[in-house]
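**Q** Return atomic coordinates for the entry below.
(4 chains)
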There are 2 protein chains.
Amino acid sequence: MISKRDQILDIAERGYRQGGFAGLSFRDIAAALDMKSASVHYHFPHKEDLGKAVVERYTDNLLDNLGAPDAADDSVKIRLARLVEAYRAAYAEGESSCLCAVLGSVSPQLPPAVQEAVNSYFTRLMTWTETALAEDGPSANLNASHIISALQGAMILSVAMGDARYLDQVAEDLAEKSGI
Amino acid sequence: MISKRDQILDIAERGYRQGGFAGLSFRDIAAALDMKSASVHYHFPHKEDLGKAVVERYTDNLLDNLGAPDAADDSVKIRLARLVEAYRAAYAEGESSCLCAVLGSVSPQLPPAVQEAVNSYFTRLMTWTETALAEDGPSANLNASHIISALQGAMILSVAMGDARYLDQVAEDLAEKSGI
DNA sequence: TGATACCTACCTATCGATAGGTAATTAACA
DNA sequence: TGTTAATTACCTATCGATAGGTAGGTATCA
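**A** Residues are numbered from 1 along each chain as shown, chains lettered A, B, ... in the order given. Predicted coordinates for the structure are as follows:
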């Protein structure tokens, strides 16, 4: 049985991804779980606490799904395919953006703790990707920061246009450039 | 002398880029211009009207700055450099995201007219870029949708991390790939 | 005189947050 | 073992602040 705390995190993650940090209220969450907003405050006293927890769980989940970036029996191509698949899956569930694209785009107006969590998301993801590419040697025309940028942007385009084609296009390009 | 209407659009554009559509109120705008919120409603009766006008002006301004995508005496490289420079300049003023990245990432929860305006922004920008690349022939490893995705994503990363490096990186990659 | 561009004053709805209370469970101890 | 204390997970009710929006008045000008 899933704890109420986790149910709140689930609703909040979906809500923030669809409508931004300001677009989801304690009352919205309470209504979705058939409880009162005061009870949501019991689990997360301030909105900043909730935002931080949502982003941290989101980050941990992604990195879990990505697995080790330096497993000996994986090629760069396979690793990048896992990365792309994670973003594709994230888009597929609810046709919504990456949580940290939504929040990161308005970073300066977020509560400090949420800002830091978003920052940490990108830092950790960048480190993972750099490690995943490391063995490719100097021949690689692939760059971690470009890959992350392209994926994040493609997700936004897909959401804004209501069409997964943009994400598909980037996935295709990366598959092609990452080897055979 | 700049009209009050345009002053409102200026404030709104900056505000939406920094804090999203829900992050800027009629009262915020009024306070910035030393007037009353009711007077802002005089110029833009509903928030949807304001959002639509802001996005449409933003789109027109960008396409004006980009110039013709098929001028005979421009190379693909020069055209892409103009595109990249437009995004760099947009980031530089206030270290904030592209308006349509901020709005597009939460598109499904925007008022319909604003949604449509954002959609039109991406459609027009994509058409411009496709035309700009058209003469490059089949040899090109450049793709309009990938370029726009990378620029949008890089802008978000730069804002989220407070560091223009990500935008710089994409700019560098594109300059390299678009020929000598 | 009649637009234009404001204003005052207000409305309803909602926001994040808090105070104070309650039933049910769990821990500590005589 | 039975009693007490504390904790968990909610509740009702309310706070001050703020949201978008409106009705009606006023000053300025052609």
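**Q** Now for the closest residue to A:Gln152 other than its chain neighbours, how many residues are close by?
**A** Leaving aside its sequence neighbours, A:Gln152 sits nearest to B:Gly153 (CB to CB, 6 or more residues apart in numbering or on different chains; 3.6 Å). The C-beta positions use only the backbone N, C-alpha and C, and glycine is treated the same way. Residues lying near B:Gly153 (other CB atoms under 10 Å in any protein chain shown) number 31.
**Q** list the helices and strands whichever strand or helix holds A:Asn119 packs on?
**A** Assessed by DSSP states H and E, A:Asn119 sits inside helix A:112-134. Contacts defined by 3 or more CB pairs under 8 Å, 6 or more residues apart in numbering or on different chains; DSSP states H and E place helix A:112-134 against helix A:47-66, helix A:76-92, helix A:99-104, helix A:144-161, helix B:144-161.
**Q** Now do that helix, average pLDDT.
**A** For helix A:112-134, mean pLDDT rounds to 96.
**Q** Does DNA strand C have contacts with it?
**A** No - using CB under 7 Å from any atom of the strand, helix A:112-134 stays clear of DNA strand C, with a minimum separation of 11.3 Å.
**Q** low pLDDT regions in chain A?
**A** A:136-140, A:180 (pLDDT under 70).
**Q** Can you name the residue of it nearest DNA strand C?
**A** A:Ser25 (2.9 Å; CB to the nearest atom of the strand).
**Q** of all the residues in chain A, which ones are close to DNA strand C?
**A** Counting by CB under 7 Å from any atom of the strand, the residues of chain A near DNA strand C are A:24-28, A:37-38, A:41, A:45-48.
**Q** Who wins on neighbours among the residues you listed?
**A** Top of these by neighbour count (other CB under 10 Å): A:Leu24, with 25 neighbours.
**Q** wait, that one sits on A:Glu13?
**A** No - A:Leu24 lies out of contact with A:Glu13 (CB atoms under 8 Å); the separation is 9.7 Å.
**Q** what touches both of these two?
**A** By CB atoms under 8 Å, 6 or more residues apart in numbering or on different chains, A:Leu24 and A:Glu13 have no common neighbours.
**Q** Just give me the residue right at the centre of chain A.
**A** Geometric centre of chain A, nearest residue: A:Cys98, 4.3 Å, by CA atoms, centre = their mean.
**Q** quick one: that residue from A:Glu85, how far?
**A** According to CB to CB, to the nearest Å, A:Cys98 and A:Glu85 sit 14 Å apart.
**Q** How much space separates the residue nearest to A:Gln152 from B:Ile11?
**A** Counting by CB to CB, the gap from B:Gly153 to B:Ile11 is 27 Å.
**Q** Check A:Arg88 too.
**A** With CB to CB as the criterion, A:Arg88 and B:Ile11 are 38 Å apart.
**Q** buried ones in the helix or strand encompassing A:Tyr16?
**A** Using DSSP H and E, A:Tyr16 sits in helix A:4-19. Neighbour-count burial for helix A:4-19, with 16 or more other CB atoms under 10 Å in any protein chain shown as criterion, is recorded at A:8-19.
**Q** can that helix be found next to chain B?
**A** Yes - Helix A:4-19 reaches chain B (CB under 8 Å from any CB of the partner chain) through A:18-19.
**Q** what about that helix and DNA strand D, any contact?
**A** Yes - using CB under 7 Å from any atom of the strand, helix A:4-19 reaches DNA strand D at A:Lys4.
**Q** how far out from the middle of the chain is that helix?
**A** Its chain's C-alpha centre and that of helix A:4-19 lie 13 Å apart, by CA atoms, centre = their mean, to the nearest Å.
**Q** same check, this time on stretch A:65-84
**A** 17 Å.
**Q** With stretch A:122-129 instead?
**A** Centre to centre, stretch against its chain (CA atoms, centre = their mean), the figure for stretch A:122-129 is 12 Å.
**Q** Could you do stretch A:6-23 as well?
**A** 12 Å.
**Q** Check stretch A:151-159 too.
**A** With CA atoms, centre = their mean, you get 12 Å for stretch A:151-159.
**Q** ok, now stretch A:60-78?
**A** Using CA atoms, centre = their mean, the offset of stretch A:60-78 from its chain centre is 16 Å.
**Q** do that stretch and chain B meet?
**A** No - counting by CB under 8 Å from any CB, chain B has no neighbours in stretch A:60-78; the shortest distance is 15.2 Å.
**Q** In that stretch, which residues are buried?
**A** Quick answer for stretch A:60-78 (16+ other CB under 10 Å): A:62-63, A:66, A:69, A:74, A:76.
**Q** Quick one: end-to-end distance for it.
**A** 21 Å (CA to CA, to the nearest Å).
**Q** for stretch A:60-80, same thing?
**A** 18 Å.
**Q** Using PDB, list the CA coordinates for stretch A:41-57.
**A** Provided in PDB are the C-alpha atoms of stretch A:41-57 (Å, rounded to 0.1, in the frame of the first residue of the first chain):
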ATOM      1  CA  HIS A  41       0.400  20.800   5.000                       C
ATOM      2  CA  TYR A  42       0.900  18.200   7.700                       C
ATOM      3  CA  HIS A  43       3.100  16.200   5.400                       C
ATOM      4  CA  PHE A  44       4.800  19.200   3.700                       C
ATOM      5  CA  PRO A  45       4.600  22.300   5.900                       C
ATOM      6  CA  HIS A  46       5.500  24.700   3.200                       C
ATOM      7  CA  LYS A  47       5.200  24.700  -0.600                       C
ATOM      8  CA  GLU A  48       8.900  24.900  -0.800                       C
ATOM      9  CA  ASP A  49       9.300  21.600   1.100                       C
ATOM     10  CA  LEU A  50       6.900  19.900  -1.300                       C
ATOM     11  CA  GLY A  51       8.700  21.300  -4.400                       C
ATOM     12  CA  LYS A  52      12.100  20.200  -3.100                       C
ATOM     13  CA  ALA A  53      10.900  16.700  -2.300                       C
ATOM     14  CA  VAL A  54       9.200  16.300  -5.700                       C
ATOM     15  CA  VAL A  55      12.300  17.300  -7.600                       C
ATOM     16  CA  GLU A  56      14.600  15.200  -5.500                       C
ATOM     17  CA  ARG A  57      12.500  12.100  -5.900                       C
END
